[in-house]
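Participant: 3D, please:
(2 chains)
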There are 2 protein chains.
Amino acid sequence: MNPINQRRLLDDLEALSHFGRGADGGITRRALSREDADARKYVMTRMRALGFDVKHDEVGNVRARRAGRKAGPVVMTGSHLDTVPSGGTLDGPLGVVGALAAIEMIGEVKTERPIEVVVFVGEEGSRFRRGTIGSAAISGHVSVSDILKLVDPDGVVYGDALATYGDEGSPIPAKLASEEVHAFVELHVEQGGVLETEKIAIGAVTAIAGLSQRQVSFLGEANHAGATPMDLRRDALAAAAAWILSIEKGARELGVVGTVGKLEVLPGGKNIIPGRVNAICDLRAPQAELLSAIDAFVVSSLHGIGDAREVEIEQSLLQRVEPGLMDERAISAVERAAAAAGLSCRRMTSGAIHDALHMAEICPSTMIFVPSRGGKSHCPDEDTAPEDLVNGCVTLAHTLIDLAG
Amino acid sequence: MNPINQRRLLDDLEALSHFGRGADGGITRRALSREDADARKYVMTRMRALGFDVKHDEVGNVRARRAGRKAGPVVMTGSHLDTVPSGGTLDGPLGVVGALAAIEMIGEVKTERPIEVVVFVGEEGSRFRRGTIGSAAISGHVSVSDILKLVDPDGVVYGDALATYGDEGSPIPAKLASEEVHAFVELHVEQGGVLETEKIAIGAVTAIAGLSQRQVSFLGEANHAGATPMDLRRDALAAAAAWILSIEKGARELGVVGTVGKLEVLPGGKNIIPGRVNAICDLRAPQAELLSAIDAFVVSSLHGIGDAREVEIEQSLLQRVEPGLMDERAISAVERAAAAAGLSCRRMTSGAIHDALHMAEICPSTMIFVPSRGGKSHCPDEDTAPEDLVNGCVTLAHTLIDLAG
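Facilitator: Just a heads-up that it's a prediction; the model follows:
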């Protein structure tokens, strides 16, 4: 095997960062946009230079195959190139160009099974309402025809955007059967601060947290901030504040995460007691039972606070995504790979959703996490030390050899 | 004395409600606007019909005098006609047309001192950045020249707006010396729910609460809601929530009021931990020491929470208005008047700021409160039962006779 070519890895990341870079340094590549197409074209050119057989499928995924001694089933790896608005350079791209670096490290070593590097289309939900579009098509979680009908906020239909994406020739079918895929492993930045805080090089992902998002409104009574004694108030914001703290407490107790990221106070006058607060809570847990438990806790706390404060509550479920369990054989392959490279490794869950969630529906899957500086992601400050990037690629290479035999 | 003419009182309020009524039923009469001028013209016509000597001063206050046996000092009463955006029909107008009703009740009864009904200009701060403009000019709290230089958000200068307000003839000086005013009493809706809750007809106001408003920012760290464990968060909104509840607790303990009415969460993504919260807190207390105490409590709590949660705090004082003590002789005159009319009465503080705050700087002052239905004010639902309105006018009439001798 060759060493990881750190220079080329960094050059690839740097090259990709120019597609969609904004004035604030953030990268904006919406799914199927011109910038997304340019980044994908760069990667496809690199793949062809490495001798891959490069294809695209019905929804826009790229699938580049390196032959094995046998025809199939295939070991897949890869990630996405689209970003959130003003995102970073690593969320997605690392798992793509990192896979290329790992393949270069594997070099002349022949594997039993073929290895495919996949570029999933539309992982971030920032254009077509839903994310993980490419992996949902591959796993059959969502039908190709439903995906082609998706519409962005400007009214552009997915199928039409795909037609101008630049692909030549006929696409291959998107959906894969379980028999066709031996395993999937995705290299990604952690996006949280656990590895950095614990000074551990590699995370082996055991589960991808499921998600429950609820839209909540607190309906109190808007009134004069000076003339209304504390005991005669029905303050919607004070009720929301009590709820926010109860979510924090409940999530801590259950060992999950809960966040209120969006909150609006009405009427919003500095001398008016808030009459209405609209908020969205985002709850995540790596097991379905835990997700249901935190969700039930949050709803119960909501109604308890509403009753105690005579504030009316309106709430509804925005979306629930079930957690995805990663595969024990894939996880232990990552652990062995890290050990072989002399790297510290811990098992951990992913709080963020990734394409591996859908891939796990059809094959043994896992993810390799590397530390995120300051735990930051989805922002221009997203960063990982070069040695940590290399560690991830080395671990991926060893894992691929292990899984591909 | 005559009985209060309830029909005419309600007709006057109804007539005024047409000047600036919006589609939602709310009344919008910004200071010195066309609607404000029309309402004022209606009142001036009524005043002249009652035999008043009607004058206007340098900043736009109306001063209508009913002669006494002696030339002066004068007993003043009145309120304002301007409103908050989409406000109610009583906040302001009741104290003006209620004064006319009281004068009609007094009828032929001769008083020693003259009585003046004043229409204060620009009590609500909804146009020229500051409120209680007319009373600030009369008391000398703000100079006439400074008032004439005020500018509204559209760039219109106060002095220019005043020139088109419709007054003919030369204005009288706005500022009054202490020797010229014997007492001031203002009839107003409570705007809170104390009188209604306690089933008391009349409130005799002992103090007008002072105000401390602070602009506060919580600077935490925006991060991925899924990937960031609870213990690695610096959630600006959770910090703000803890602070909001501490204001509520502190205000209850000190027997004052504290409100966060305006709050903004950034970046505001449903799956992003809030990195920044901007808020304004509004604290009120009827004594300067109490106001300083709640203010100190809130600032200390703010920094305590910031330290505990590693959230940076930025805060600054937006404004502080000192509380105004009402005069014991004026207060007891109101109590005697209520008793004479067979009405229940309690002493209370005003949480809202009124023109009486500035009048108290130059003469013994108080206010007469009548119940607000549901404690509501500054909204289209603002309402008071007709018998409560009449009770207020009767009490005002007796108080004026008491004070004017």
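Participant: Now do whichever strand or helix holds A:Phe297, average pLDDT.
Facilitator: For A:Phe297, the host element (DSSP states H and E) is helix A:288-309. When pLDDT is averaged along helix A:288-309, the result is 97.
Participant: Can you name every helix or strand that that helix contacts?
Facilitator: Contact analysis of helix A:288-309 by 3 or more CB pairs under 8 Å, 6 or more residues apart in numbering or on different chains; DSSP states H and E lists strand A:210-219, helix A:236-254, strand A:276-285, strand A:312-321 as its packing neighbours. For glycine as for every other residue, the C-beta is placed from the backbone atoms N, C-alpha and C.
Participant: which intervals of chain A have sub-threshold pLDDT?
Facilitator: Scanning chain A for pLDDT under 70 picks out no residues.
Participant: which residue ranges form the helices in it?
Facilitator: Ranges of helices within chain A are A:6-17, A:34-49, A:93-106, A:133-139, A:144-148, A:158-163, A:194-198, A:236-254, A:288-309, A:328-340, A:356-359, A:386-404, based on DSSP state H.
Participant: Residue numbers of the stretch 101-250 of chain A in contact with chain B?
Facilitator: Residues of the stretch 101-250 of chain A found near chain B (CB under 8 Å from any CB of the partner chain) are A:190-194, A:197, A:209, A:211, A:213, A:221-232, A:235, A:237-238, A:240-242, A:244-245, A:248.
Participant: Mind listing residues that contact stretch A:301-312?
Facilitator: A:216, A:218-220, A:234-236, A:238-239, A:242-243, A:246-247, A:250, A:313, A:315 (CB atoms under 8 Å, 6 or more residues apart in numbering or on different chains).
Participant: What residues sit buried inside it?
Facilitator: Neighbour counts over stretch A:301-312 (16 or more other CB atoms under 10 Å in any protein chain shown) mark A:301-302, A:305-306, A:309, A:311-312 as buried.
Participant: And the helices of chain A: which comes nearest A:Arg63?
Facilitator: Judged by CB to CB, the one of the helices of chain A that comes nearest to A:Arg63 is helix A:133-139, at 8.8 Å.
Participant: Which elements pack onto the closest one?
Facilitator: strand A:115-120, helix A:144-148, helix A:356-359.
Participant: From the chain's centroid, how far away is the longest one?
Facilitator: I take that to be strand A:115-120. The chain centre lies 16 Å from the centre of strand A:115-120; the measure is CA atoms, centre = their mean, to the nearest Å.
Participant: contact partners of that strand?
Facilitator: For strand A:115-120, the external contacting residues (CB under 8 Å, 6+ apart) are A:40, A:43, A:47, A:52, A:61-66, A:68, A:74-81, A:96, A:99-100, A:103, A:106, A:132-135, A:138, A:355, A:400, A:404.
Participant: Tell me the strands beside it, with direction?
Facilitator: strand A:62-66 (antiparallel), strand A:74-80 (parallel) (DSSP bridges).
Participant: and the angle from the last one to helix A:93-106?
Facilitator: Spelled out, that is strand A:74-80. 140 degrees (axes from the mean of the first three to the mean of the last three CA atoms, to 10 degrees).
Participant: Which residues of the stretch 301-405 of chain A lie near chain B?
Facilitator: So far as CB under 8 Å from any CB goes, the stretch 301-405 of chain A lies against chain B at A:318, A:350-353, A:372, A:374-379.
Participant: Closest one to A:Asp282 out of those residues, please.
Facilitator: Of all these, A:Asp282 sits closest to A:Leu318, with 9.1 Å by CB to CB.
Participant: Check whether that closest one really touches A:Gln213, as I assumed.
Facilitator: Yes. A:Leu318 lies in contact with A:Gln213 (CB atoms under 8 Å); the separation is 4.2 Å.
Participant: Quickly list what's touching both of these two.
Facilitator: Contact criterion CB under 8 Å, 6+ apart; residues shared by A:Leu318 and A:Gln213: A:280, B:270.
Participant: Among the two, which residue is more densely surrounded?
Facilitator: A:Gln213 (21 against 15; other CB atoms under 10 Å in any protein chain shown).
Participant: Was I right to think the more buried one contacts A:Leu291?
Facilitator: No. Between A:Gln213 and A:Leu291 there is no contact, the gap being 11.2 Å when judged by CB under 8 Å.
Participant: Overlap in contacts, these two.
Facilitator: With CB under 8 Å, 6+ apart, A:Gln213 and A:Leu291 have common neighbours A:283, A:320.
Participant: For A:Met348, which non-adjacent residue is spatially closest?
Facilitator: Counting by CB to CB, 6 or more residues apart in numbering or on different chains, A:Met348 lies nearest to A:Gly203, which is 4.5 Å off, once chain neighbours are set aside.
Participant: Around the one you found, count how many other residues there are.
Facilitator: The local packing of A:Gly203 (other CB under 10 Å) involves 27 other residues.
Participant: and it, what is it in contact with?
Facilitator: Contact partners of A:Gly203, counting by CB under 8 Å, 6+ apart, are A:190, A:194-195, A:345-348, A:367-370.
Participant: Next, format the residues you listed as TSV and append distance to B:Asp91 and neighbour count.
Facilitator: Shown next, in TSV, are the contacts of A:Gly203 (distance: CB to CB, whole Å; neighbours: other CB atoms under 10 Å in any protein chain shown):
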residue	distance to B:Asp91	neighbour count
A:Glu190	56	28
A:Val194	55	22
A:Leu195	59	24
A:Cys345	68	22
A:Arg346	63	15
A:Arg347	64	15
A:Met348	59	22
A:Met367	61	29
A:Ile368	65	28
A:Phe369	60	29
A:Val370	62	29
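Participant: What values do phi and psi take at the residue sitting furthest away from the middle of chain A?
Facilitator: Within chain A, the residue lying farthest from the chain centre (CA atoms, centre = their mean) is A:Ala227, at 49.0 Å. With angles defined as degrees, to the nearest 10, A:Ala227 sits at phi -90, psi -10.
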